[in-house]
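Visitor: mind looking at a prediction? Sequence and model below.
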Amino acid sequence: MPEAVRRTFVVATVPVALVALLGAAAPPSAGSSGVGDPYFPLAGNGGYHVGHYGLTLRYDPGTGHLVGKAVISARATQRLSRFDLDFNGLTVTGLTVDHAKADFSRDGQELVVTPRHVLRKGQRFDVTVTYKGTPGPVTDPDGSLDGWIPTDDGAFVAGEPQGAMTWFPANNHPTDKSSYDFTITVPKGHTAVANGVLLGERTAHGKTTFRWRQSEPMAAYLATATVGKFQVEQFTTRDGIKVYNAVDPREAADAAPVLKKLPSVLEWESKLFGPYPYRAAGSIVDRAPNVGYALETQTRPVYDSAPSLSTLVHESAHQWFGDSVSLTSWKDIWLNEGFATYAEWLYDEQHGGDSAQQAFDALYARPASDGLWEFPPGDPGSGANIFGTPVYARGAMTLHVLRKAVGDRAFFRILRAWAAEHRNGNGTTAQFVRLAERVSGKNLDDLFQIWLYTPGKPNKP
């Protein structure tokens, strides 16, 4: 009997209360092509959650050719007739769902998968995608490059906000966090650096294979597989954190004094924000002159050149604020960048530099026509603005105004509670406001409304 006819019969003859219990009887539907993010509507996908990515890559820096295999272990959150993956540019050579060949099609950045059998709600399933091609970056709304960015000796791989899809198929939104295994093969003499702990490396037949594991949940945009000719340093901190630094030799002299401070920076931030969220840390210092930024890739930030100490502090602070506690919507990016910027102010304040108040005052002295006041940090208005000065600087100013309003004791309790209560998860501005009010015992609605959401230059508090 056809499924639609059978379903009609069941609804007609079974008591309503029992039908409500028969979740499997709901008609199958396609997972949405995005999760509804207001700035990146096609980012992420509906209908399933990815628990783990197993990525096997072979990359030739000489030709720029990549061969990949992604094994995606997921769980259906609805009864699925088909679902999407975010994947852009590369050629799919094969696709299976639970080892059975599945139909697929391409629609822009969407890889649309139709499994042979309908997936039940709650069912766990594996998607295996094989692919090849010459990966390249995407251009973000602000004009910057994002994703797989070729360099003269490899690739600088930084995925914020949408570049993960340039090198592996993903559910590419911060609300879907997963564990990862990476197996990356490159020519001998090159190093492939990913997230988490290095499990091993092996050289044979002129190729070296690196195996990495990121056990704690990670958003796809924070994954990296940066390739280059690097000088490598490995050690374990006194807190038991495994550090792996990979540095382009051309940047080594400038980077060394800053990277030497990484253990002390992590120790200082751990005292302020709570225990470091991961078992691994480190840095990737590349020479990528056409990039123009650093990124807080999880456990191991990637820098386009030798970083300053303030940049190291900033990207390290993101391990708590942005990586462990991730966004729910890109509109709330001040929760990442405002917090990491304020960490820079706190570091200066506690290490002989300007106080946070002095940093605040210097910014506040800018005229109302300055770009700092162009848009409110809690509502940047579009994806083109999420890396704008107001998100970073006025976001940090908001935290300083909060600190003054509630006092140091409550303020630092708020930061630690935010990191602890949302560890390995996600958060929203509304949740942060409620936490701040709960810890401080104060009504802070006006403070956040003025500093996060009101256009123009606020009155000085």
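Guide: Arrived safely.
Visitor: and the nearest residue to F448 once chain neighbours are set aside, how many neighbours does it have?
Guide: Distances taken as CB to CB, 6 or more residues apart in numbering put V433 closest to F448, at 5.3 Å, once the chain neighbours are dropped. Quick note: C-beta positions are derived from backbone N, CA and C, even for glycine. For V433, the neighbour count with other CB atoms under 10 Å is 18.
Visitor: V433 contacts W451, doesn't it?
Guide: No: under the criterion of CB atoms under 8 Å, V433 is not in contact with W451, lying 11.2 Å apart.
Visitor: quick one, what contacts S324?
Guide: Counting by CB atoms under 8 Å, 6 or more residues apart in numbering, S324 touches E216, P277, Y278, A419, H422, R423, N424.
Visitor: before we move on, back to that, R394 versus the residue nearest to F448, what's the distance?
Guide: 16 Å (CB to CB, to the nearest Å).
Visitor: could you do E160 as well?
Guide: For E160 relative to R394 (CB to CB), the value is 20 Å.
Visitor: repeat that for V291.
Guide: In terms of CB to CB, V291 sits 25 Å off from R394.
Visitor: for these two, indicate the residue with more neighbours.
Guide: Neighbour count, other CB under 10 Å: between V291 and R394, R394 has more, with 26 against 21.
Visitor: pretty sure that one is touching I450, no?
Guide: No: between R394 and I450 there is no contact, the gap being 11.0 Å when judged by CB under 8 Å.
Visitor: the residue nearest to F448 in helix, strand or coil?
Guide: In three-state terms, and counting by DSSP: H, G, I helix; E, B strand; the rest coil, V433 is helix.
Visitor: all strands of the stretch 151-300 of the chain, in order?
Guide: 154-158, 177-187, 191-193, 197-204, 207-219, 226-228, 231-236, 242-247, 280-285 (DSSP state E, counting those that start in this stretch).
Visitor: picking up where we left off before, need the contact list for the residue nearest to F448.
Guide: V433 neighbours (CB under 8 Å, 6+ apart): L444, D445, F448.
Visitor: 10 Å instead?
Guide: G378, L402, L444, D445, L447, F448, Q449, L452 (CB atoms under 10 Å, 6 or more residues apart in numbering).
Visitor: and it, what pLDDT?
Guide: As predicted, V433 sits at a pLDDT of 98.
Visitor: mind checking how far it is from E267?
Guide: 30 Å.
Visitor: picking that back up, what touches both of V433 and W451?
Guide: G378, L402.
Visitor: isn't F125 right up against V71?
Guide: No: judged on CB atoms under 10 Å, F125 makes no contact with V71 at a distance of 11.2 Å.
Visitor: what ranges does this structure have for its helices?
Guide: 3-13, 16-21, 252-259, 262-273, 309-317, 334-350, 356-364, 389, 395-406, 408-421, 429-440, 445-448 (DSSP state H).
Visitor: so how far is the fourth one off the chain centroid?
Guide: When C-alpha coordinates are averaged (CA atoms, centre = their mean, to the nearest Å), helix 262-273 and its chain have centres 21 Å apart.
Visitor: just the CA coordinates for that helix, please, in CSV.
Guide: C-alpha atoms of helix 262-273 as CSV (Å, rounded to 0.1, in the frame of the first residue of the first chain):
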residue,chain,number,x,y,z
LEU,A,262,52.0,31.9,25.2
PRO,A,263,52.1,29.7,28.3
SER,A,264,52.1,32.7,30.6
VAL,A,265,49.3,34.3,28.6
LEU,A,266,47.2,31.1,28.9
GLU,A,267,47.9,30.9,32.6
TRP,A,268,46.9,34.5,33.1
GLU,A,269,43.7,34.1,31.1
SER,A,270,42.9,30.9,33.0
LYS,A,271,43.0,32.8,36.3
LEU,A,272,40.6,35.4,34.9
PHE,A,273,38.2,33.3,32.8
